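In: Just the structure for this:
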Amino acid sequence: MKIPVFVSCPTTLSEAQQGSRKLILDMLEMLELEPRAIGVSDFATQFPLREVAVLARHCSGGVILGFEQFRVQQGIRKYGTAKQKEVTDLIIFPTEWNQLEAGVLFSAGLPLLVFKEPGLAGGIFDLGVSDVFLYDMPRSTSSDAEKRQLSSVFLKWQADVRRHYYEHCFK
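Out: Below is the predicted model of the structure:
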C-alpha cells in the first residue's frame, strides 16, 4: 500500500515545468508514495479550501511545487503607504494555492518538501519563514549527479513521511 502525500502544483504548466513535475512524481512513485491533489486524484464536492483541509488530514507528507504562474515587469509595491516603491524588475509569482496549501499542510504538522523555480519568492518560498529547507526546482534535463542529489533529498523526507504515517495512522 502506498502512503498518500499531498502535492501542491498548478494545473497549467509549460513543457519544461511538466518535465520537472514528472521527475518529482516519478521519484514519489519509486518511493511507493501516492501523490494526492485536488482536481487531479481527488475532486471537490464542497468548496476547494475545505477539500484541501480534508485531504491533508489523510496524507502523511506534502510536496509544494513552486512554478511560475504570473509575471510582472513593472508596478507599484505597497501602494499608498509610506513604503510605496515603483517596481521595474521582473517579478514572478506562483499559484496562490501553493501558499494556501502549504499553510494547511504546515499547520497539520506534515513533513514538507518545497521546490521553487529561480526567482520565485514570498510566503513559503522565503528563506527562514518555516523550518523547511527550500530546494531549487529540478529539471528533466538534470545531470545524473543532480538526480542522485535529488534522490537523497527525497529519501530523507520520505523517512519523515513514513514515521508520520505509522505514528498517526496506527494509534
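In: For the helix or strand of the chain with the lowest mean pLDDT, buried residues please.
Out: Least confident helix or strand of the chain, by mean pLDDT, DSSP states H and E, is helix 48-57 with a mean of 88. For helix 48-57, the buried set under the neighbour-count rule, 16 or more other CB atoms under 10 Å, comprises Glu51, Val52, Leu55, Ala56. Quick note: C-beta positions are derived from backbone N, CA and C, even for glycine.
In: Tell me which other helices or strands it touches.
Out: strand 3-8, helix 96-107 (3 or more CB pairs under 8 Å, 6 or more residues apart in numbering; DSSP states H and E).
In: which residue is nearest the centroid of the protein?
Out: Ile64 (0.6 Å; CA atoms, centre = their mean).
In: Would you confirm that that one contacts Ala102?
Out: Yes. Between Ile64 and Ala102 there is a contact under CB atoms under 8 Å: 5.1 Å.
In: Find residues that contact each of these two.
Out: Counting by CB atoms under 8 Å, 6 or more residues apart in numbering, the shared contacts of Ile64 and Ala102 are Ser8, Leu112, Val114, Ile124.
In: burial of the last one, as a residue count?
Out: Which is Ile124. Residues within reach of Ile124, counting by other CB atoms under 10 Å, total 24.
In: And the pLDDT at the closest residue to it other than its chain neighbours?
Out: Among residues not flanking Ile124 along the chain, Ala102 sits closest, at 4.0 Å (CB to CB, 6 or more residues apart in numbering). Ala102 is assigned a pLDDT of 95 by the prediction.
In: residue ranges with poor pLDDT in this structure?
Out: 39-46, 170-171 (pLDDT under 70).
In: which residues in it form strands?
Out: Taking DSSP state E to define them, one finds strands in the chain at 3-8, 33-36, 62-66, 70-72, 75-77, 85-87, 91-93, 112-116, 134-136.
In: Out of those, indicate the one that is most buried.
Out: strand 62-66 (a mean of 26; mean count of other CB atoms under 10 Å).
In: Just want the angle from that one to strand 112-116.
Out: Calculated by axes from the mean of the first three to the mean of the last three CA atoms, to 10 degrees, strand 62-66 forms an angle of 10 degrees with strand 112-116.
In: returning to that earlier point: nearest to Arg77, out of the shared contacts of Ile64 and Ala102: which one, please.
Out: Ile124 (19.4 Å; CB to CB).
In: can I assume that closest one is in contact with Ser130?
Out: Yes. Using CB under 8 Å, Ile124 is in contact with Ser130, at 6.7 Å.
In: Any chance you could list residues touching both of those two?
Out: Phe106.
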